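Trainee: My questions concern the predicted model and sequence given below.
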Amino acid sequence: MTRLFLVFICLLSSLSCQKTSSIYTPTQQVPISLQIIPDYNGSPLVMYKTYSFNGKPIQFTRFSFILSKLCDDPTGDCSNRQTQFDFSSLTDSATSVNGLTNSVFINSTSSLIYRIGFGVDSVSNSIMPAKQNQNSPLANGLNYWDAWNSYIFLKIEGMYDKDGDGVFETPFALHTGGNEIYTEKTFLLDKLSNATTVRLLFNVNLEKVINGIDLNVTTQTHKTGDLPVMKTMMNNFSAALIYKGSFVQ
């Protein structure tokens, strides 16, 4: 009897060990706030306000973009992390000076490395909006570019007074998309000591994003021949997004 009891105990122990080893515990993610403040050459970016570009008056009606990956692990995948910033609602300086803040996730606030994808990586870019996570901006069909089989990474729209006569006669719509122009950038963060509520602050200068674009020649970027302009814009965008600091809230 004792022998049978010992065999029974060993069998239970074996089954228990097998069950425990099959349990998968996902990495806990920490929510953080990603705040981006836009400006135009040092002045708050306000929609419909007149600025100067290449010596001529310019007004903006839209500045929006999708960021992806958002990864605190330099070797991690983080493919399903996307967020969209659309500054079209910033129609006065009082709101513009605070920019927009979105909630995103990282694995740990103790990391000093933060990688951001400008646009949508090729894995997510191959998935149609209907099959995307409904909480992602990629689920919005208005962000998808059918002709390019790609999401629209960056939108800059407005009116340009190319002859300087006070009349904004030239509309422009500078859009980017396609796997060829997706890029990533790694930022070195302040140490946050495993804080649970964190805000990462960034600034983006729109004048630098469109630097090198000739609006007398290019007012739309919707053709294959416009890829060099798109690449210029995305490279400018990556350089123009500047990390300003991390704050425990």
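Mentor: It's in. Residues are numbered from 1 along each chain as shown.
Trainee: where along this protein do the helices fall?
Mentor: 2-21, 93-96, 122-125, 206-209, 227-240 (DSSP state H).
Trainee: least reliable of these going by mean pLDDT?
Mentor: Lowest mean pLDDT within the helices of the chain: helix 2-21, a mean of 38.
Trainee: Contacts only, for the spatially most central residue of the chain.
Mentor: The residue lying closest to the centre of the chain (Cα atoms, centre = their mean) is residue 67, at 1.3 Å. By Cβ atoms under 8 Å, 6 or more residues apart in numbering, the contact list for residue 67 reads 34, 82, 83, 84, 85, 116, 117, 118. From N, CA and C alone the C-beta is placed, and that goes for glycine too.
Trainee: Look up how far residue 126 lies from it.
Mentor: To residue 126, residue 67 is 18 Å away according to Cβ to Cβ, to the nearest Å.
Trainee: just residue 247 next, same as before
Mentor: Residue 247 is 36 Å from residue 126, where distance means Cβ to Cβ.
Trainee: When the two are compared, which one has more neighbours?
Mentor: residue 247 (15 against 11; other Cβ atoms under 10 Å).
Trainee: Tell me which residues touch the more buried one, please.
Mentor: Going by Cβ under 8 Å, 6+ apart, residue 247 touches 198, 199, 201.
Trainee: 10 Å instead, please
Mentor: For residue 247, the contact set (Cβ atoms under 10 Å, 6 or more residues apart in numbering) comprises 33, 35, 190, 192, 195, 197, 198, 199, 200, 201.
Trainee: what's the burial count for the last one?
Mentor: By other Cβ under 10 Å, the residues close to residue 201 number 17.
Trainee: Can you get me a residue count around the closest residue to it other than its chain neighbours?
Mentor: Sequence neighbours aside, residue 244 is the residue nearest to residue 201 in space, at 4.4 Å (criterion: Cβ to Cβ, 6 or more residues apart in numbering). Burial measure for residue 244: 12 neighbouring residues, criterion other Cβ under 10 Å.
Trainee: which residues sit in contact with residue 244?
Mentor: Here residue 244 is in contact with 35, 36, 37, 200, 201, 202, 203 (criterion: Cβ under 10 Å, 6+ apart).
Trainee: out of those, which are inside strands?
Mentor: 35, 36, 37, 200, 201, 202, 203 (DSSP state E).
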